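Novice: Provided below are the primary sequence and the corresponding predicted coordinates.
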Amino acid sequence: MRDAVRGVAQHFPTAIVSGRCRDKVFSFVKLEELYYAGSHGMDIKGPTKVSNHKWLLGLSTQADEVLCQPATEFLPVIQEVHEKLTAKMESIPGAMVENNKFCLSVHFRCVEEAEWDALGRDVKAVLDDYPKLCLTKGRKVLEVRPSIEWNKGHALKFLLKSLGYAERVDVFPIYIGDDRTDEDAFKVLQNMGQGIGILVTKFPKETSASYSLREPAEVYSPLYMCIHKYTFIYINDVYS
Ligand SMILES: O=P(O)(O)OC[C@H]1O[C@H](O[C@H]2O[C@H](CO)[C@@H](O)[C@H](O)[C@H]2O)[C@H](O)[C@@H](O)[C@@H]1O
């Protein structure tokens, strides 16, 4: 998958948008030519390596640039809550608190089902003292986030605008995701009437994505189509 993503990034601005913190995502993906939007889009950084498309489009090539961190003021409070939740979850076997820098994930996948309600109550009790934080639910995970209007959809809009791609009829953004938090990004594309969202899911689900794939492995096809289509257009432009 890394080679496919690298291939796409050679021709098109490519971003990974994740609920995890940016550093952790980079440690998984290890591609310097990508944009990374960690913490549900609250921490966006540009590529540290220049790709072809950058000079083709005449964009800034300044590497290592943090582009957007709309929740910086919440960092101290997130650290404080991380400590409190970690201490509280010690008494619940299997519970795990993940520090995602601008947000926190309380995982209960490995917790006995009988304990789930108690875990939820404990997390809410900690958050009662922090009205500027909110709680959302994912797949066997509770997520603590700053109460600001910012999600993966805002990150996508930010990237498109920064790249000069918003509302351009000749630009076709493709957003692929499997998490319920990816719906915010699918909605952005749907509302803009630009590009497509692709949901990866084994089961039929209500979604704002235009298409779906069943397995992460099926994501190769659209990625390789992007690479080969580009190659075709490029050769065509050069020789016609
Ligand atoms: O935004 P994403 O990159 O799609 O990340 C969403 C969440 O991914 C991780 O949680 C997921 O994997 C966990 C096991 O590794 C699993 O327990 C959980 O149910 C999954 O949602 C990550 O740990 C979370 O912080 C992300 O929000």
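Specialist: Received it, and whenever you're ready, just let me know what you need.
Novice: where does pLDDT dip in this structure?
Specialist: Applying pLDDT under 70 to the chain flags the ranges 52-64, 230-240.
Novice: what residue in it comes nearest to the ligand?
Specialist: In the chain, the residue that lies nearest the ligand is Gly19 (2.6 Å; Cβ to the nearest ligand atom). Where C-beta positions appear, they are placed from N, C-alpha and C, glycine not excepted.
Novice: wait, doesn't that residue sit right on Ser105?
Specialist: Yes: contact between Gly19 and Ser105 holds when scored by Cβ atoms under 8 Å: they sit 6.9 Å apart.
Novice: okay, these two: which has more neighbours?
Specialist: Set Gly19 next to Ser105 and count neighbours by other Cβ atoms under 10 Å: Gly19 wins out with 24 against 19.
Novice: ok, and the closest non-adjacent residue to the more buried one?
Specialist: His40 (5.0 Å; Cβ to Cβ, 6 or more residues apart in numbering).
Novice: count of neighbours near the one you found?
Specialist: Applying other Cβ under 10 Å, we find 28 residues neighbouring His40.
Novice: how about the residues of this structure by the ligand?
Specialist: Selection of the chain residues close to the ligand by Cβ under 6 Å from any ligand atom yields 18-20, 98, 100, 105, 107, 109, 138-141, 143, 179, 181.
Novice: and those, which are buried?
Specialist: Ser18, Gly19, Arg20, Glu98, Asn100, Ser105, His107, Val141, Glu143, Asp179, Thr181 (16 or more other Cβ atoms under 10 Å).
Novice: which positions within stretch 115-129 qualify as buried?
Specialist: Those would be Glu115, Leu119, Asp122, Val123, Val126, Leu127, for stretch 115-129 by 16+ other Cβ under 10 Å.
Novice: now stretch 66-78
Specialist: Cys68, Gln69, Pro70, Ala71, Phe74, Val77, Ile78.
Novice: quick check, nearest of those residues to Val169?
Specialist: Checking the buried residues of stretch 66-78 against Val169 by Cβ to Cβ gives Cys68 as the nearest, at 25.5 Å.
Novice: okay, now the domains of the protein?
Specialist: For the chain, the TED database gives the domain ranges 1-70+150-236, 73-146.
Novice: centre of the chain to the last one, how far?
Specialist: Put simply, domain 73-146 sits 20 Å off its chain's centre (Cα atoms, centre = their mean, to the nearest Å).
Novice: and if you look at the first one?
Specialist: Averaging C-alpha positions (Cα atoms, centre = their mean) puts domain 1-70+150-236 9 Å from its chain's average.
Novice: quick thing: my sequence starts at 4, can you match it?
Specialist: Sounds good: first residue 4 from here, last item domain 4-73+153-239.
Novice: before we move on, the earlier item: take the buried ones among the residues of the chain next to the ligand and keep only those in strands.
Specialist: Those of these mapping onto strands are Glu101, Ser108, His110, Val144, Glu146, per DSSP state E.
Novice: could you list every residue that touches the first one?
Specialist: If I follow you right, that is Glu101. Arg23, Leu107, Ser108, Val109, His110 (Cβ atoms under 8 Å, 6 or more residues apart in numbering).
Novice: how much space separates it from Lys27?
Specialist: From Glu101 over to Lys27 the distance is 9 Å, taken as Cβ to Cβ, to the nearest Å.
Novice: what do Gly22 and Ser108 both touch?
Specialist: Gly141, Glu146.
Novice: return the residues in contact with the nearest residue to Asp181 once chain neighbours are set aside.
Specialist: For Asp181, ignoring the flanking residues on the chain, the nearest one in space by Cβ to Cβ, 6+ apart is Val203 at 4.0 Å. Val203 makes contact with Ile179, Gly180, Asp181, Ser215, Leu216, Arg217, Glu218, Pro219, Glu221, Val222, according to Cβ under 8 Å, 6+ apart.
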